[in-house]
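# Predicted structure and sequence below. I'll ask about it afterward.
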Amino acid sequence: MQVITNPHRAGQKLAPSAPYPSTDAARVADLLAQCPVAKETPMVDAGKLAPVSQLWVKDERARMNLGSFKALGAAYVIARHAAERSSEPDEQTLAGTTYVTASAGNHGMSVAAGARIFGAKAVVYISETVPETFAERLKGQKAEVVRSGADYAASMEAARTAADENGWILLSDSSWDGYFDLPWTLMEGYLQMAAEAVRQCPKVPTHILLQAGVGGLAGAVAAYARKTWGDAPKIVVVEPEAAPALQASIAAGECVFADGPDSIMGRLDCKEPSLIALNGLARDADLFLTLSDDDVAAKLDAMAKIGLATTASGGAGLAAVMNETARNAMGIAEHSRVLCFLSEIAE
């Protein structure tokens, strides 16, 4: 476990070419109001899990029937495209359009579902290590699934090549130099989750814990929390020890690649951050904390026993507040009010 204080808080961008995350939650809500399955997800009292005054968990497992917060991302981008093309979009609005991406999990499901709803085609590249059960879930959303490469980075490179060769729309949940517009809009979709959490919290949290891979969830929620609550909450970004991409970049003062072994926190096992998220979190986050696989795995059964079954990726932030050493490092005490996000269903 390692914790660092953010020396760039409220300072300058670490990636000058990239924008900050959006904070326009109203734009998201207006579009989602047209979606019959876009229902609010619950806030759960999980006070039994840690000795704090309040422990609130925003439960994203039922989001739009897709099993994770990612339903608000790529599908939101595709819905925006459909709304731009027609005032009354339907299942034929994006016919002839193909979206391509790489995925190790829920992002691919969001791309596939969004494309299916509006008549587009989805092609999802997955690596050799992704379970066949996930490939079948993607096919259930009518996606074309292509296996390519030994890891996520290789499958993403294959997706980028396919986009260039075929004139397809590359829809990634990360951002890099020259690729900002779509991931900026994708992160904007996550603001729906943040806005709901703000409405549902009866008091301002003293701490907000946000697990991160490339940083999309963390960057969006942190930006909206600062807009709404100012400096009141201490915002903590939680990453796997095997993939401290944001922590390492914050320490270096620039985007860096953080290589390491595979982690059981597979959805968070990202070795390079999104530049948009990095800018937002350099401005908005207070602490960056890493947890080992064992740190997180040890807490999953306790979560499940109170009805919060999830994966190591989905429960990493909650696992941090359940860990006494981590609580002490974050300044969480018995009087603290803590907000966490349960980001996906158990596999």
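Nice, thanks for sending it over.
# ok, the spatially closest residue to Ser343 that is not a sequence neighbour - contacts?
Distance criterion C-beta to C-beta, 6 or more residues apart in numbering; nearest residue to Ser343, sequence neighbours excluded, is Gly314 at 4.6 Å. The way it works is simple: take the backbone N, C-alpha and C, and place the C-beta from them, glycine included. For Gly314, the contacting residues are 61, 68, 211, 267, 342-346, by C-beta atoms under 8 Å, 6 or more residues apart in numbering.
# For the stretch 101-250 of the chain, just list every one of the strands.
Assigned by DSSP state E, counting those that start in this stretch, the strands in the stretch 101-250 of the chain fall at 121-126, 144-147, 169-170, 207-211, 234-240.
# To Met156, which of the ones you listed lies closest?
Met156 lies closest, by C-beta to C-beta, to one member of the strands of the stretch 101-250 of the chain: strand 121-126, at 7.2 Å.
# Put together a markdown table for the strands of the stretch 101-250 of the chain, with mean neighbour count, distance to Ala18 and mean pLDDT on each row.
Formatted as a markdown table, the strands of the stretch 101-250 of the chain follow (neighbours: other C-beta atoms under 10 Å; distance: least, C-beta to C-beta, whole Å; pLDDT from 0 to 100):
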| stretch | mean neighbour count | distance to Ala18 | mean pLDDT |
| --- | --- | --- | --- |
| strand 121-126 | 25 | 24 | 95 |
| strand 144-147 | 16 | 29 | 94 |
| strand 169-170 | 18 | 17 | 97 |
| strand 207-211 | 28 | 19 | 98 |
| strand 234-240 | 27 | 17 | 98 |
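# mind giving me JSON lines with those strands and columns for distance to Arg85?
Shown next, in JSON lines, are the strands of the stretch 101-250 of the chain (distance: least, C-beta to C-beta, whole Å):
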{"stretch": "strand 121-126", "distance to Arg85": "15"}
{"stretch": "strand 144-147", "distance to Arg85": "22"}
{"stretch": "strand 169-170", "distance to Arg85": "13"}
{"stretch": "strand 207-211", "distance to Arg85": "34"}
{"stretch": "strand 234-240", "distance to Arg85": "37"}
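# ok, and the closest non-adjacent residue to Glu60?
Nearest non-adjacent residue to Glu60, counting by C-beta to C-beta, 6+ apart: Phe69, 4.1 Å away.
# can you tell me which residues contact that neighbour?
Phe69 neighbours (C-beta under 8 Å, 6+ apart): 60, 63, 106, 190, 193, 217, 341, 343-344.
# now with 10 Å?
Counting by C-beta atoms under 10 Å, 6 or more residues apart in numbering, Phe69 touches 41, 58, 60-61, 63, 106, 110, 189-190, 192-194, 216-217, 220-221, 314, 341-344.
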